[in-house]
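[1] Dropping a prediction and its sequence here:
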Amino acid sequence: MIMVDDPRVAVRALKRNPYQPVPLPKPLPQGRARFPSPPSSANAGVFSPPAHLAELARRVNSASVDQLLALVEADFPDANQVEGDDVFQRRRTERIVERAWAAQQLGERDVKSKRVVAALERLVRERSLHKDWSYHRLDSSEIAAVLRSPNPAVRGTALLECIDSPTPPRRQALQAAAPWALELPPRK
């Protein structure tokens, strides 16, 4: 066993390659539009996430952890019921978008309460299914952004989820944001 104060000594004694810093990927562009623009008056019946989130931001104080947690923790028994009429599907889609927005707002804050961490972990474990993948699956750049969250609980949860349930976008995100994590073993 080797005990040293400086890990560089252990690296040299074990004849391993020294740590090579990896530049962090650039953050996501703020103006990136993931969803289509709000519908025109001709398409007033089409669901628009940006329009819905603008209305939600008027109702919910994004600085209030309690209001955000209320959205995340609210009962959602239809989370995985993919079939249903148009009204049902629209309401489910609204709830999925609301929960994702609230989770993102909570994740961007440095709140380390057990309740916030538990709520975010539950959302990661119990995803909502939707016919349109863009409502329930993150792409690799978005996962990488979560892996760089200022909240260590969010980073840790995302890291464990990427390691334990790997997918190609999750491996790409780990390669971009935490390449060292690719060598960690998954949960057994």
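    Looks like it came in fine.
[2] what's the following helix or strand after the helix or strand of the chain with the lowest mean pLDDT?
    When the helices and strands of the chain are scored by mean pLDDT, DSSP states H and E, helix 140-147 comes last with a mean of 71. Sequence order places helix 152-164 as the next helix or strand after helix 140-147, per DSSP states H and E.
[3] Could you list the buried residues of that next one?
    By neighbour count on 16 or more other C-beta atoms under 10 Å, the buried set for helix 152-164 is Ala153, Val154, Arg155, Thr157, Ala158, Leu159, Leu160, Glu161, Cys162, Ile163. The C-beta positions use only the backbone N, C-alpha and C, and glycine is treated the same way.
[4] OK, contacts around His52?
    Glu94, Val97, Glu98 (C-beta atoms under 8 Å, 6 or more residues apart in numbering).
[5] I figured the first one hits Ser48, correct?
    The one in question is Glu94. No. Between Glu94 and Ser48 there is no contact under C-beta atoms under 8 Å: 10.7 Å.
[6] domains of this protein?
    48-137, 139-188 (automatic domain parsing).
[7] Can you give the distance from stretch 97-113 to the centre of its chain?
    9 Å (C-alpha atoms, centre = their mean, to the nearest Å).
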